[in-house]
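Make a model of this:
(one chain, ligands or ions: 3)
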Amino acid sequence: MNIQLLNKNITDIEAQVIVTFLTKDELKEHKEFTLLNNAGFTAEQDSKCFLYEKATIYCGIDSKNSDDVRSASAVMIKALKASNYTSAKLDVVSIATITAIVEGVVLGGYEFNQYKSKPKKTTLENISLCCNDSNFEIMQKTFKEALIVANATCFTRDIVNTAPQEMHPQSMVELAKKLASDNSLECDILQEKELEEEDMGAMLAVGRASVHGSALIHLSYKPANPKKIISLVGKGLTYDSGGLSLKPATSMVTMKMDKAGACAVMGMIKAASELKLDVEIHAFIGAVENMVGGNAYKPDDILVSRSGTTIEVRNTDAEGRLVLADVLTYAQDKVKADYIFDFATLTGACMVALGQYTTGIMGHSKKVKHDFLKAGTKSGELVGSLPFNRHLKKLLKSEIADISNVSSKPYGGAITAGLFLDKFIQDDMKDKWMHFDIAGSAYTEAPWDCNVHGATGAGVRMVSHYLKNI
Ligand code: BES
Ligand code: ZN
Ligand code: ZN
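Ligands and ions are numbered 1, 2, ... in the order given. Just a heads-up that it's a prediction; the model follows:
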């Protein structure tokens, strides 16, 4: 399906269907009020009404703000895809609306059909956005940028949705190499032998029982005169069975999503390179599979991390933080970045704290936190800040090693996981680091906003927005 922006009046464009967004107030004044009212349409947000005889689909919105338009556009595109029409057109009035419609259409109309032997066919070929405006050039730039970011989000979703038998650490390596060659990025891979030479004892322990070798992937995008250097670190657990601290059967289902942090940072670097941002980006990914076996790492094991900090393993299901400990250390050793951000489906506790739609952000810098709360709101992603405190930090104390991989108390699990990572952030980087727990926001089993079943691509829109405005 193609989406295009045209510098024309809507009446001058050929299409089978017109899309009209209506607020409750607009509905009252509308010339088709009687027909719409008879059909039971009240312009409720996310409701729709197809008047076939008028070749128009009406979509209810609470207001003209981006969040409402994006969500209504997702409803609209699903209805159009379920019909037998081939083309539709709509008027766009503001720059903010363009981004919202592109996201609603591309992300709300996203389908992952790779494993369907008979995928549903849609006849829909073309969506035309019409804007006869003196600002057309700016609008076109906005349109192109929104499309890049939405497509990068779909790229992230595709990888997360890929089944774990297919997307294991070594296939993630191949995928990263292809992304690098397609987008002119540098790509450096560390296989297990190199990981041993680099003393990545924590990361290696997690992947030991897997038949697929663990790998660290380092992608970089280096424009000529970068304004800033940013390191992005992603948790790439291609499967999290829990290890010997095995997950219950029902909790294990969906754990292919435990690579969503890695997939998000790949989407972010793809978007940054296609937007040609003048920011140098380094993406570091720990690609590992957490399995069981005779050689599996065990509760009671003591791991020596790359930083030299020793870790008492008390739960092998708290594996993401072990991988990130080493990858964060490696990233800080290799690149002197202005900021370092990590993305991880790290804790179920983050969902308990914030709900399943919201990304939890943790860190020491008020400014960076503020910047991301803003970037979240502006990009349409939900973010909430979880505060560190020294009392929770004490709960990670180990009697026999430098730190335990789990807290001794059950509450505040997202924060104690963040505090575990903090142990591996070097002193001069403390104010430049932010941790993003995307455990809830990265994956959904029911559609919401412009998200459909499966991976959401959480983080990609927010970080692209942040990087564009840095
Ligand atoms: N990958 C999980 C976290 C997770 C849970 C992500 C649900 C998405 C949905 C992580 O590795 C994990 O298992 N964390 C444990 C930590 C606990 C053992 C301290 C958890 O959240 O239960
Ligand atoms: Zn786990
Ligand atoms: Zn995990």
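
Quick check: the residue of the protein nearest ligand 3.
Ranked by C-beta to the ion, the top residue of the chain for proximity to ligand 3 is Asp240, at 3.7 Å. Every residue, glycine included, has its C-beta placed from N, CA and C.

Pairing partners for that residue in the sheet, please.
Asn290 (DSSP bridges).

these two touch, right, Ser285 and Ser214?
Residue 285: Ile, not Ser. No - look at Ile285 against Ser214 with C-beta atoms under 8 Å: they stay out of range, at 10.8 Å.

out of those two, which sits in the more crowded spot?
Relative neighbour count places Ile285 above the other of Ile285 and Ser214, with 29 against 25, counting by other C-beta atoms under 10 Å.

mind listing what that one touches?
172, 176, 216-219, 233-234, 236, 262, 265-266, 327 (C-beta atoms under 8 Å, 6 or more residues apart in numbering).

Please state the offset of the helix or strand hosting it from the chain centre?
Taking DSSP states H and E as the definition, Ile285 sits inside strand 279-290. Distance of strand 279-290 from its chain centroid, counting by C-alpha atoms, centre = their mean, to the nearest Å, is 14 Å.

pull the CA atoms of that strand into CSV?
Output of strand 279-290 as CSV, limited to C-alpha atoms (Å, rounded to 0.1, in the frame of the first residue of the first chain):
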residue,chain,number,x,y,z
VAL,A,279,24.5,13.0,15.3
GLU,A,280,26.9,10.2,15.5
ILE,A,281,25.1,7.1,16.7
HIS,A,282,26.6,3.9,18.1
ALA,A,283,24.3,0.9,18.7
PHE,A,284,25.6,-1.9,21.0
ILE,A,285,23.5,-5.1,21.2
GLY,A,286,24.0,-8.1,23.4
ALA,A,287,22.5,-10.9,21.4
VAL,A,288,22.0,-13.9,23.7
GLU,A,289,19.6,-16.8,24.3
ASN,A,290,18.8,-17.8,27.9
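
Does that strand reach ligand 2?
No - judged by C-beta under 5 Å from the ion, strand 279-290 stays clear of ligand 2, getting no closer than 6.2 Å.

so the residue of the chain closest to ligand 3 touches Ala318, yeah?
No - using C-beta under 8 Å, Asp240 makes no contact with Ala318, being 10.3 Å away.

Compare neighbour counts for those two and give me the winner.
Higher neighbour count among Asp240 and Ala318: Asp240, with 27 against 23, using other C-beta under 10 Å.

Enumerate every residue touching the more buried one.
For Asp240, counting by C-beta under 8 Å, 6+ apart, the contacting residues are Lys247, Met252, Met255, Asp258, Asn290, Asp317, Glu319, Gly320.

ditto for Lys378
Contacts of Lys378 by C-beta under 8 Å, 6+ apart are His465.

How much space separates it from Ala215?
35 Å (C-beta to C-beta, to the nearest Å).

again, but for Ala100
38 Å.

Likewise for Tyr443?
23 Å.

Over to Glu399?
Glu399 is 34 Å from Ala215, by C-beta to C-beta.

out of these two, which sits in the more crowded spot?
Ala215 (24 against 6).

Can the strand or helix carrying Gly418 be said to contact ligand 2?
Counting by DSSP H and E, the element that carries Gly418 is helix 413-422. No - Helix 413-422 lies apart from ligand 2 when judged by C-beta under 5 Å from the ion; the minimum separation is 10.4 Å.

so what's the nearest residue to Glu445 once chain neighbours are set aside up against?
Computed as C-beta to C-beta, 6 or more residues apart in numbering, the closest residue to Glu445 that is not its neighbour in sequence is His453, at 6.2 Å. Residues near His453 by C-beta under 8 Å, 6+ apart: Thr444, Glu445, Ala446, Pro447.

Can you check what angle separates the strand or helix carrying Ser464 from strand 279-290?
Element membership for Ser464, per DSSP H and E: helix 460-468. Inter-element angle recorded for helix 460-468 and strand 279-290: 150 degrees (by axes from the mean of the first three to the mean of the last three C-alpha atoms, to 10 degrees).

i'd like the first residue to be 12 from this point on
Sure, I'll start numbering at 12, so the last one becomes helix 471-479.

how distant is helix 471-479 from the center of its chain?
Using C-alpha atoms, centre = their mean, the offset of helix 471-479 from its chain centre is 11 Å.

what does it rub up against?
By C-beta under 8 Å, 6+ apart, helix 471-479 touches 114, 156, 160-161, 163-164, 167, 241, 243, 275, 278-279, 282-283, 286, 288, 290, 292, 352, 370, 382-383, 386-387, 389-392, 394.

Swap in 6 Å and give it another go.
Helix 471-479 is contacted by residues 160, 163-164, 167, 275, 278-279, 282-283, 288, 290, 386-387, 389-390, 392 when judged by C-beta atoms under 6 Å, 6 or more residues apart in numbering.

Also stretch 282-293?
With C-beta under 6 Å, 6+ apart, stretch 282-293 has contacts from 159-160, 163, 194, 231-234, 237-242, 280, 346, 475, 478.

which of those residues are buried?
The neighbour count (16 or more other C-beta atoms under 10 Å) marks 159-160, 163, 194, 231-232, 240-242, 280, 346, 475, 478 as buried among those.

So which of those residues sit within strands?
Ser231, Tyr232, Ile240, Ile241, Ser242 (DSSP state E).

Looking at the residues you listed, which two lie furthest apart in space?
Tyr232 and Ser242 (11.6 Å; C-beta to C-beta).

hmm, back to that, quick check, nearest of the buried ones among the contacts of stretch 282-293 to ligand 2?
So of the buried ones among the contacts of stretch 282-293, ranked by how close each gets to ligand 2 (C-beta to the ion), first place is Ser242, at 23.7 Å.

near ligand 3, which residues of the stretch 112-261 of the chain show up?
Looking at ligand 3, the residues of the stretch 112-261 of the chain close enough under C-beta under 5 Å from the ion are Leu248, Asp251.

any idea of the angle whichever strand or helix holds Gly115 forms with helix 471-479?
Secondary structure assigned from DSSP H and E places Gly115 in helix 106-119. Using the same axes, to 10 degrees, the direction of helix 106-119 lies 140 degrees away from that of helix 471-479.

would you put the C-alpha positions of helix 106-119 in PDB?
C-alpha atoms of helix 106-119 as PDB (Å, rounded to 0.1, in the frame of the first residue of the first chain):
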ATOM      1  CA  ILE A 106       1.900  19.800  10.100                       C
ATOM      2  CA  ALA A 107       1.300  17.900  13.300                       C
ATOM      3  CA  THR A 108      -1.700  16.100  11.700                       C
ATOM      4  CA  ILE A 109       0.500  14.800   8.800                       C
ATOM      5  CA  THR A 110       2.800  12.900  11.200                       C
ATOM      6  CA  ALA A 111      -0.200  11.600  13.200                       C
ATOM      7  CA  ILE A 112      -1.900  10.300  10.000                       C
ATOM      8  CA  VAL A 113       1.200   8.700   8.600                       C
ATOM      9  CA  GLU A 114       1.800   6.900  11.900                       C
ATOM     10  CA  GLY A 115      -1.900   5.900  12.200                       C
ATOM     11  CA  VAL A 116      -1.900   4.500   8.600                       C
ATOM     12  CA  VAL A 117       1.500   2.900   8.500                       C
ATOM     13  CA  LEU A 118       1.600   1.600  12.100                       C
ATOM     14  CA  GLY A 119      -2.100   0.900  12.500                       C
END
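
so what's Leu393 closest to, chain neighbours aside?
Using C-beta to C-beta, 6+ apart, the closest residue to Leu393 is Thr369 (4.2 Å).
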